[in-house]
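Peer 1: I would like the atomic coordinates for the input below:
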Amino acid sequence: MICVMKKEQLARRLAQERHVSPAVAADQLDRIVSDLLMKVRRGQAASLPGLGTFQPGSEKEFQFDREAPKTGGASSKKRSK
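Peer 2: You can find the predicted model right below:
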């Protein structure tokens, strides 16, 4: 199952779970995304615990290695520009 959330929805959910304002949660989310992008652009892997790892690719591409579900299963690899 694929769950798609917009940034605002994710920030609201993060705000509720962390007991902070939506603005603070949105800033935290921006920092996380910025840090991930910076690492991949530098040629380093960037991990999202429980989800997977972004691996640097050639030029403007990257690869995301999804973690296998705890119940088992194979990981998938997708490329994005």
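
Peer 1: show me what the residue sitting nearest the centre point of the chain is bridged to.
Peer 2: Ranked by distance to the mean C-alpha position of the chain (CA atoms, centre = their mean), the top residue is residue 48 at 5.5 Å. With DSSP bridges as the criterion, residue 48 is bridged to residue 52.

Peer 1: quick one: it from residue 67, how far?
Peer 2: 9 Å (CB to CB, to the nearest Å). C-beta here means a position set from N, CA and C on the backbone, and glycine is covered the same way.

Peer 1: buried stuff in the lengthiest helix in the chain?
Peer 2: Using DSSP state H, we find that the single longest helix of the chain is helix 22-41. Residues of helix 22-41 classed as buried by neighbour count (16 or more other CB atoms under 10 Å): 25-26, 29, 40.

Peer 1: output the below-cut-off pLDDT ranges for the chain.
Peer 2: Within the chain, the segments meeting pLDDT under 70 span 1-2, 59, 70-81.

Peer 1: now do 80
Peer 2: Residue ranges of the chain with pLDDT under 80: 1-4, 58-61, 68-81.

Peer 1: which helices and strands sit right next to the longest helix of the chain?
Peer 2: Of the remaining helices and strands, those touching helix 22-41 by 3 or more CB pairs under 8 Å, 6 or more residues apart in numbering; DSSP states H and E are helix 7-18, strand 46-48, strand 52-56.

Peer 1: just put the ones you listed in JSON lines and tack on distance to residue 63.
Peer 2: Listed next are the helices and strands packed on helix 22-41 as JSON lines, based on distance: least, CB to CB, whole Å:
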{"stretch": "helix 7-18", "distance to residue 63": "23"}
{"stretch": "strand 46-48", "distance to residue 63": "11"}
{"stretch": "strand 52-56", "distance to residue 63": "4"}
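
Peer 1: I appreciate the help and will end here.
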